[in-house]
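*Asks:* how would this look folded up:
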Amino acid sequence: LAFELSKAKWKLGVLLPGSQKLSRYTIGGGDLVALAARLADVRKKAAADGRPIRILSCYEAGLDGHWLHRWLAQQGVINHEIDPSSIEVNRRARRAKTDRIDLEKLMRTFLAYLRGEPRVCSIVHVPTVEDEDRKRRTRERERLIKERTAHINRIRGLLHGQGIRDVQPLARSFIAWLSKLRAAQPGSPEARISQLIELKGIGPVGGQELVNEVFYRAFNNRRQVGSYFGLTGTPYDSGERSREQGISKAGNRRARELAIELAWLWTVHQPDSALTRWF
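*Replies:* Got it, this is the predicted structure:
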């Protein structure tokens, strides 16, 4: 067997003893019930002449990890995980690449490996579940440290852009120190955000987007507001034909999306308000 694995579907290539034709099957990605049924069918066909059989399989190591290898081993299948980078490929500038071609290439490589041809491919050593769990601890810690460093550098960069230097975000007093610097001044954008957050249905993210995208400028009337949001109507009135074509969508796309989202949130959080019960 040779597997071509993807998230949506798995391609199976089956080569029975004495056959020169590669049979292909498709099952849903991760569908072990269908795979078990296919393995049973393969065993039945291979054992038709009464001889003892064994099933050997392979797939390229990748996103699915090692769980499929362990499941196949429980089904009595001798599986091999192949390092994808060790498989020789065509060096042409343009080469055809499809699941069908990849499956045939993988099967030829696997058969050459089973024949004992040297340097055909590299087989991945599959660790035990316990070894993999212990390895995961150190790798996750390494990843978290990198994420923490990235956040620290971003905080320092944002504050440096405001003229605040030599910041130590990991210091215990950093939050208290920062809160003193971020006290909102009357009339400032921060003060406007705080006012908007007091309304039910508007949170910190929505308030910040409204201030940044809308309330940085002044509007003289509701027509200017509707035009900026792209929520004004577009009537069609020519001759005897007269109809409404819907909103123009010619304004600020981000502001319009936020306004529609907040309108729905308003009806959820304030169902008895005059704006909700306008009808």
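*Asks:* where does the stretch 51-200 of the chain have low pLDDT?
*Replies:* The model of the stretch 51-200 of the chain has pLDDT under 70 over residues 93, 183-184.
*Asks:* residue boundaries of the helices in it?
*Replies:* Ranges of helices in the stretch 51-200 of the chain, per DSSP state H, counting those that start in this stretch, are 67-74, 99-114, 129-160, 174-181, 189-197.
*Asks:* and of these, who's closest to residue 45?
*Replies:* helix 99-114 (17.1 Å; C-beta to C-beta). C-betas here are computed from N, CA, C, even on glycine.
*Asks:* which residues are contacting that closest one?
*Replies:* For helix 99-114, the surrounding residues in contact (C-beta atoms under 8 Å, 6 or more residues apart in numbering) are 2, 4, 6, 11, 13, 15, 22, 24, 56, 58-60, 80, 82, 87-88, 120-121, 123.
*Asks:* and if you look at stretch 152-172?
*Replies:* Applying C-beta under 8 Å, 6+ apart, the contact partners of stretch 152-172 are 151, 174, 177, 181.
*Asks:* what sits against the second one?
*Replies:* By that I understand residue 174. Going by C-beta under 8 Å, 6+ apart, residue 174 touches 167, 168.
*Asks:* isn't residue 231 right up against residue 256?
*Replies:* Yes: with contact defined as C-beta atoms under 8 Å, residue 231 counts as touching residue 256 (6.5 Å).
*Asks:* Just the buried ones from the contacts of helix 99-114?
*Replies:* In the contacts of helix 99-114, burial by neighbour count holds for 2, 4, 11, 13, 15, 58-60, 80, 82, 87, 120-121, counting by 16 or more other C-beta atoms under 10 Å.
*Asks:* how about those in TSV, adding distance to residue 210?
*Replies:* As requested, the buried ones among the contacts of helix 99-114 are exported to TSV (distance: C-beta to C-beta, whole Å):
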residue	distance to residue 210
2	56
4	49
11	50
13	56
15	63
58	56
59	51
60	49
80	58
82	54
87	54
120	62
121	57
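*Asks:* Widest-spaced pair of the residues you listed?
*Replies:* 11 and 120 (21.0 Å).
*Asks:* Next one: residue 8 relative to residue 105, how far apart?
*Replies:* Separation of residue 8 from residue 105 (C-beta to C-beta, to the nearest Å) stands at 21 Å.
*Asks:* repeat for residue 32
*Replies:* 26 Å.
*Asks:* Looking at those two now, which is surrounded by more residues?
*Replies:* Between residue 32 and residue 105, counting by other C-beta atoms under 10 Å, residue 105 is the more crowded of the two (17 against 13).
*Asks:* what's the closest of the helices of the stretch 51-200 of the chain to residue 211?
*Replies:* helix 189-197 (4.9 Å).
*Asks:* out of the buried ones among the contacts of helix 99-114, who's nearest residue 277?
*Replies:* Relative to residue 277, the closest of these is residue 11; by C-beta to C-beta it sits at 56.9 Å.
*Asks:* In space, what's closest to the closest one - neighbours in sequence excluded?
*Replies:* Leaving aside its sequence neighbours, residue 11 sits nearest to residue 4 (C-beta to C-beta, 6 or more residues apart in numbering; 3.8 Å).
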